[in-house]
Each structure stands twice: as C-alpha cells, then as structure tokens.
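*Asks:* Next come a sequence and a model predicted from it.
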Amino acid sequence: MSQQTQHRHALEIINLSIALPNGVRLLRDVSLKLEPGEVRALVGESGAGKSMIGKTVLGILPDTLKITQGEIILEGQHLNMMTPWTRRKTVAEITALIPQDPLTALNPLRKIGPQIVDPLIRIRGWEKDRARARALELLERVHIRAPERVMQSYPHELSGGMRQRILIAAAFAPSPRLIVADEPTTALDVTVQKEILKLIRELQKETGTAVLFVTHDMGVVAKISQQVTVLFAGKVMEDAPTREVFTNPAHPYTRALIAATPSSADLDRPFSPVPTELIAELHAQVARDDALWQGKKR
Amino acid sequence: MLLRTVLIRLLTTAITLFGVAVVVFTLVRVAPGNPIAMMLPPGATEQDIANLTALYGFDKSLPHQFVIWLSGVVQGDFGTSITLRRPVSELVLSRLPATLELSVMALFIAVALGGFVAVLGARRRNSATEVGLDLSSGAVLSIPDFLWGLIFVLLFGVLWPVLSISGRIDPRIEFDFTTNYYVLEGLLRGRFDVVGSTLGHMLMPAMSLALPLAAMIAQLLKQNLKEELLKDYTTLTRVRGFTETAVILREALRNAALPTLALVGVQFTFLIGGTVIVERLFAYEGLGNMAIDAVINRDLPLIQGIVMLFAALFIVINLAVDLSYTLLNPRLRHG
Amino acid sequence: MADVTASPRSRAGQGLNLRLWLPLTWIVILICAAVFAPLVAPQDPLMQDLMMERLPPFFMDGSEPGFWLGTDSLGRDVLSRMIYGARIALFVSVIAATTTCLFGSALGLLAGYYGGWWDRVISRLVDIWMAFPPVLFAVLLVAVMGTGLTSVIAAIALIDWTRFARVIRAETMVQARMDYVDSARIGGARRLATLVTEILPNVLPTIIALLMLEMGIAIIVEAILSFVNLSISSDDPTWGSMIAEGRGAIHFAWWVLLFPLIALFFSVLSFSTLGEGLKKRFDPVLQ
C-alpha cells in the first residue's frame, strides 16, 4: 500500500481526537502533515492541546487520556495498527524528542556521557566507539567546550543552557528523521533562548530532519518554521505557510495571537492580549460543534 | 567540607552514646531496691552481700561508680555476668553473630520483597493491581513483628509443619563451629546441610521481622518511583525505545531509591530492636533472647552490656546510612 | 456521562466508610466485652479444672458445650479469659496511650515552639532514646520497677513519648512560622497563651491520630510484656499470657494461641486503621 503512494510524508495525522475518560474531548479532529526536512510549528495558548499532539506521535500520552479516533502515520506506517512492541521500535527508530525542561530531562544520578551514548548502543545497536565518537561530534557541534570533560560530568554541574544544548545533541545523535521539540526554549531565559533556537535551526538544516515544533510564542514561530498550525481548544484554526500567516492571517484568532506577541523589532507597538470576547466566541463555537458531533454519534 | 560534616556527625554520635551509657547506668542503679539484693538469689548471707558490694564497687558514690564502669566499657570490659559467671563481652560476642545473621537476612528479604512490590506497583500504576497492592501493604504495615511471628508459628507449627519453629539449627547436625556465624561458616566450609538447616530455622523469624519493613519500603519506594516517572528524563528514555520496565529499572529506580534509603536506615534499627521479642518467640539463640533471660534473672552487668551493644549498633547503622546517602548522591558528594 | 464520573467517587466513599466502621465496630465489641465481662463470660476465667484440660473449640470433636473456644492446659475457658483479657488490654491501652500522649506532646510543643535550649535538650534526649531497642528497654524498665500494670503503663510512657515528641515538634515548628501566630503575638498575646490558644488547636488533629496509633501499640507492648511474664501475674487473664501459654502448648492445643491472637490482631489493625485514617483526613497535603 505504501509503495503505491508516490510521495511519503514524514508525519501525517488524520482526524485525531483525544478525550478524558469521562468523554470530554481535549483534541478535536486534528489533521496535519509534515514533509521530510520541513519545520512545522504547532502554536496555541496553554491548554490548546499542542503538546498532546507531540506526545501522541511519540506514544507517551498519559494513561488517563484515550485516543477516540484518528490515524497517525509515520513515514507511511500506520502506528495505530502496530503492536505496542513494534510501535515502540518504529517510533524510536524514526523520532527523537527535545523536551521542555532541561533541569529534569537528564537523570541526576548518571553522568552525561552514558545518557547520550547508551541509547545509541542499546537501541540502535551501534559499536561503543562509534556511539562515543558520535556523541563527542554532536557535543562539539552544539558548542560545548571540552566535551570529553562534560561527558564525565553530572547534570547538576552544568548550567540550564548547557543542559539544553546537550539534550539537542542527544536528540540529533541517532540521526532521527523527525524531531518533536516540546517548547524547548520556554524554561530558559531570553538570551539563551535565541542561541538554542539558532542551534536547532542550524542542525535541522544540516541534517534535513523534519521538526514538529511546539510553542506558544508567535515570535519563535516566525524565526523557526516554514509551516504553522494554529490550535485553539484542541481544534485547528489555521494551517498555512508561516510567511502567509504573518502577512495575511486568515483566522481572527491568528491575528489576535500575532497582535499579542511583543515584537523585539518594534518595541513601541502597543501590546494587546487576545480579546476576551473573541475567546468567548470561539469557545461557544467549539461547544456548538461538540453538540453537533454528539448528536451525530447518537 | 565533607570531612567537617563527618566529624560533626561523629561528635554528636559520641555524645549520644555517652547519654545512652548514663541512662543505662542510672536506670539500674537509681531504681528502687538494692541492686545487690536484686542480683543475689534469695537467702544470700550478709557476707555475700558485702563481698558483691565491694566487687561491683557499689560502696563508692554513684558518679564514681559510673566512672569505673565507663572506663571498663571503653577498654571493652563490661564486667562479669552474675548468672553465667563469664565475662559479659565474651557472652555478648558469642551471641551477636546469630542476631546479626538474622537481622541481615530479614533486611535482605524486606528490601527484595518491598522493592519488587514497589516496582510492580509503579509498573501497573493507576490500575486495580496498584490499589490492591496499596491496601495489602497498608494492612501488612500495621501488624507488628510480634504478631507476624505468632501467625507464622501457627501456620508452620500447626497447619503445615515443614519448618522448625524453634532453635537456630537442627541439633542432630554434627558440625564443629569455630565461629558463631553458622551461615557464613557453613558456606565457606561447603557444608550445605548446615547452611540449609540454619536458613530454614531463620526463615520464619526473619519473615516476621521483614514484613512490616517490606510494606513500608513498598509504599515509599513506589511513591518515589511514581514521582520520578513523571519527570522528563524518564519520558526521554521512553521515547528512545526502552520498555516501561526498563525505564523503571534502569533510570527511575536509583533516583527513587535514594530518599527511600534514608528511611530504611532508621527502620533497620527498629528491625534489629524487634529481634529481641522475635528471637524469644522462636527460641532462637541470639542476643535478644539472652537479654530477656538476663532481665528475668536480674543479671545487671549482662543487661547493661547488651543494651550498650544494641545502642552502639543502632548508632553505627544510622551513621553508615547518612554517609552512604552522601556518597551515593553526586550533588552532595561534590558539595 | 454523569454516571461515569460518579461511580469511582462513590466507590471511594464506600471504601472510606468501611475503613471507619469496621474498626469502630470491633472497638465497640471490645468495650462491651470489657465492661460487661462478668455478664457475658460463660465461665469463671480463673477456674481451673484438670478434668477439662485442653478441650478443643466447638467445631471440633470432643468439645464441651459452655466451653465454646476450648480450654487451656489448666482447664480454664479460653473465651472467658479472652473477654476478661479485653479489660486489661483496653485499660492499659487507654491509660498508657493517654499518658504517653500528654507527656510526649508537651515536650514536642515546648521544643518546637520555644526552640533554643528547650529544643536542643529535648532533641538530644530523643536521639538517645531512639538508640535503645524499645522492647528490650520496656522489659528492662518493668524489671527495674517491678511487675504489675502500673509498671507496664509507666514503661510504655517512658519509651514511646519520643514518637509524639518528634512529630509534634516538627508540626509545631511549621505552625509557629505561620502568620496567624505572629498576628496573635503582635496583638499582645503572651507566649504561653499563644501556644495554648493558637498552636495547640492546630496540632491537635495530629495528636489525636497519633493517640489512636499509640493505643494499638500499647496493646501490643502489654501483650509482649505478658508474654515474657513481666506484666501482671500469669494467672490473671491477659491476651499476652494466653499467647505465651499457647506458644508452649502449640503442638497440643493450638486454639489457646489462635483465639487471643485473633483478638490482638483485630485490635491492633482497628486502632492503626483509625489512626491512619485520621492522619490522612487531617493532613492538608493529602487532601
């Protein structure tokens, strides 16, 4: 079947819905595509369900949440149809994660080196020397000085920015073809943020890895992505190329989001939060859709 | 820095040990009744009393007596047992191995059982299995070692008599021990019948001591594991293709074990304290059984010696736990 | 949709109720047995009858009516001794636990609220006390003070006060740092008055929960001391002395051990379940 498809997407999500055990939907019919080598930003306010999409792709959704419908297709392979074992292997083979909080994303009781090298040996099946060389290469690439020494260090001996760079190196080390970056700059201060963003973009261009970049910050979206998916209350509001979204936003919510982003280029521009009336109206709309959906189901 | 912490710890330990000595000494001296009369069997002559009074230095002032006793203790001289007429240190050391072997076996069972249940509970978190494990460990925890011992006596003494319920080793086994570490010596000399019989006799008292601690480890370690399993480093490991069990065992376990360790230290001393009554229950020839005999026979020097030894053991264990906690935690090790 | 959310909640509620009512029922049974012992006990607990020795309980061959749970090696009725044993168990548990609680909580409050030398001395005492094996300490104390219920009670209080002192000290320190204590002090309240009117009511729930737990512990300690024959005279019916007797006769009359053990088991489980339940209920972190 997959041979018939001429063009294979890095990731395709079709009509994905996720609900709480009591039936309340958190994600509503989300569809999106990610081409190989492309960066797609998933943007929305907290609670919009953007992180949930990344977690679903990686198979790390909390047990309490259930996928009620939808397909996730990773390089032409339907994840829903796999056994948990093959699914885990497939996901690990293709993807990697850059997590949000560098402070808890490294095991405090293990040295940095093994935390990068071990998965390469145990999951990828690489030789020890090759894995080590790859780790050193990437640590140097993310501008870690004295990588040999850093590999011998414990996480608490390093700064937050350094840890995030190490996590980026660890994510790129097994040469994944899709990286989920889950708000990787949110926990960092502004000066470090810029540097981290630049690193991710550079490495992405060099390796040609597709990136699903989850963020709440339209400023970050502008800097990193080619495509944007705007989410509100678990629903896709707009899906378009980044340039188009900024020059000519189609949805009022997108316009409001852009207006709500403080711009470093234009500090004099007044800061305007997303208007409450708009949010109320959108919520009402989502509720109407839900009622319709419930009715259809019966 | 680390050295300073250790030194302060050692100093407070010395103060505590001194306090224990004072309490033990006063307890048996200030108590109502003449200690010499307490020591002697009824019908002792005036001469006996005078002799003994001089022998134990009871004719001197209390502080003076304390100094004499303490200086003996520091040199390893705990006096002579009144009922057994042998040096207390010799008696105590001959029984210590039995109690140590029992305590270590109990600790081993508690850690293995508690650890297993904790990992299982964390693996099956938010399921009926976890609720079941929580309820049973809660019930097990509230039943003290004495009751567990009695339950095992009934189960294995009456219902299913496969294990002996008294003694330390089958008396029919002929073996000339050079130490009192039966298990160790049996292992080293390749006498597996000795090892088997000793372990068989130890199993039930050890289980009685281990169960409450196992339940406590199960609860605490599971709680810590669940907290670790929400942190990003375990998520990363999951994404990299490790199974949930591997995530728990390879990544989360050591982080969760560290705070558990601090508690296990204190609880291990409680476990050793429990040997006193459990040994009595199973007629196990250890230090605790000897201590109760000593109390019943009013053998004051022997009681003092045993209590001091227990106290020293407790303090050393707490110290060891504190230090290993520091050494195992890289954040403290370098600090 | 509503019933989906409602069902787990009501199930949890039921579990909570059972955890309250089962222990309470057992404790009420225990109190009734203790109070009305002469009325409910089928036999005289002290009456020996060597013709009636080691009679099995009612469900076995060779049992005698009137001796429902059998007799011990001296022909004394097990059920009647258990009922009278409940008197001693409850008496010791209430008096000893209350004494321990008052003594330990007072020291804990002083150490936690006044700090300084109070705290240093009391904390050091706790450290020293924790270095003693509790059972051996209890046996030693009773041996020194002489056997008898007063000694048993005194021994329990002298050993277990640390349990209260440690917890209440920590709790008091937390409370003392709260704003309401400062405002009471600024309002002109005296230190001791603040301790009694402001802090004590806030640590009281913890004290009550610990008191429940201590009642279970006191019952066990009394049984242990009876078991090694250091409580009251071994003729008197206590669960511990019955257990000691049953342990000796385990191969001939296991029921002498089994029934008092069951009584002990349920009593300890009841008190600790109540105590744990109260602790969880009052703990603001767990709510």
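*Replies:* Cool, got the structure. Residues are numbered from 1 along each chain as shown, chains lettered A, B, ... in the order given.
*Asks:* what about C:Ala263, which SS state?
*Replies:* Of the three states, C:Ala263 takes helix under DSSP: H, G, I helix; E, B strand; the rest coil.
*Asks:* what's near enough to touch it?
*Replies:* The contact partners of C:Ala263, taken as Cβ atoms under 8 Å, 6 or more residues apart in numbering or on different chains, are C:Met82, C:Gly85, C:Ala86, C:Ala89, C:Trp239. C-beta here means a position set from N, CA and C on the backbone, and glycine is covered the same way.
*Asks:* Apply 6 Å and report the result again.
*Replies:* Contacts for C:Ala263 (Cβ atoms under 6 Å, 6 or more residues apart in numbering or on different chains) come out as C:Met82, C:Trp239.
*Asks:* how many other residues sit next to whatever residue of the stretch 151-287 of chain C ends up closest to chain B?
*Replies:* Sorted by distance to chain B under Cβ to the nearest Cβ, the residues of the stretch 151-287 of chain C start with C:Ser272, at 3.6 Å. For C:Ser272, the count of nearby residues is 23 (other Cβ atoms under 10 Å in any protein chain shown).
*Asks:* now B:Thr179
*Replies:* B:Thr179, neighbours per other Cβ under 10 Å, totals 10.
*Asks:* before we move on, what about A:His216?
*Replies:* With neighbours defined by other Cβ under 10 Å, the count for A:His216 comes to 18.
*Asks:* Give me the nearest residue to it, chain neighbours excluded.
*Replies:* Counting by Cβ to Cβ, 6 or more residues apart in numbering or on different chains, A:His216 lies nearest to A:Glu45, which is 6.0 Å off, once chain neighbours are set aside.
*Asks:* What's the per-residue pLDDT of that neighbour here?
*Replies:* Note on A:Glu45: pLDDT of 83.
*Asks:* ok, now the one 4 residues further on?
*Replies:* Reported pLDDT at A:Gly49 in the predicted model: 85.
*Asks:* Nearest residue to it in space, ignoring adjacent ones along the chain?
*Replies:* Spatially, and ignoring its direct neighbours in sequence, A:Gly49 is nearest to A:Gly234 (4.0 Å; Cβ to Cβ, 6+ apart).
*Asks:* Can you name the residue of the stretch 101-250 of chain B nearest to chain A?
*Replies:* Counting by Cβ to the nearest Cβ, the stretch 101-250 of chain B gets nearest chain A through B:Gly241, at 2.7 Å.
*Asks:* Next, count neighbours for the residue nearest to that residue when sequence neighbours are not counted.
*Replies:* Spatial nearest neighbour of B:Gly241, excluding adjacent residues (Cβ to Cβ, 6+ apart): A:Ala92 at 2.7 Å. Burial of A:Ala92 is recorded as 21 neighbouring residues (other Cβ under 10 Å).
*Asks:* quick one: contacts for A:Ala92?
*Replies:* A:Ala92 is in contact with A:Ile123, B:Arg240, B:Gly241, counting by Cβ under 6 Å, 6+ apart.
*Asks:* Buried ones only from these, please, as a ChimeraX command.
*Replies:* In ChimeraX, a selection of the buried entries from these looks like this (16 or more other Cβ atoms under 10 Å in any protein chain shown):
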select /A:123 /B:240,241
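*Asks:* Alpha carbons of stretch B:184-192, as CSV, please.
*Replies:* Provided in CSV are the C-alpha atoms of stretch B:184-192 (Å, rounded to 0.1, in the frame of the first residue of the first chain):
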residue,chain,number,x,y,z
LEU,B,184,28.9,-17.9,56.7
GLU,B,185,31.0,-20.7,58.1
GLY,B,186,28.8,-23.4,56.5
LEU,B,187,29.1,-21.7,53.2
LEU,B,188,32.9,-21.3,53.4
ARG,B,189,33.4,-24.9,54.5
GLY,B,190,31.0,-26.3,51.9
ARG,B,191,28.6,-27.8,54.5
PHE,B,192,25.3,-27.0,52.8
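*Asks:* And that stretch, what's buried?
*Replies:* Residues of stretch B:184-192 classed as buried by neighbour count (16+ other Cβ under 10 Å): B:Glu185, B:Gly186, B:Arg191.
*Asks:* ok, and for stretch B:154-161, which residues are buried?
*Replies:* Judged by neighbour count (16+ other Cβ under 10 Å), stretch B:154-161 contains these buried residues: B:Leu154, B:Phe156, B:Gly157.
*Asks:* May I see the domains of chain B written out as residue ranges?
*Replies:* Following automatic domain parsing, chain B resolves into domains at B:16-74, B:95-333.
*Asks:* Deepest in the core, which of the ones you listed is it.
*Replies:* Mean neighbour count (mean count of other Cβ atoms under 10 Å in any protein chain shown) peaks for domain B:95-333 among the domains of chain B, with a mean of 20.
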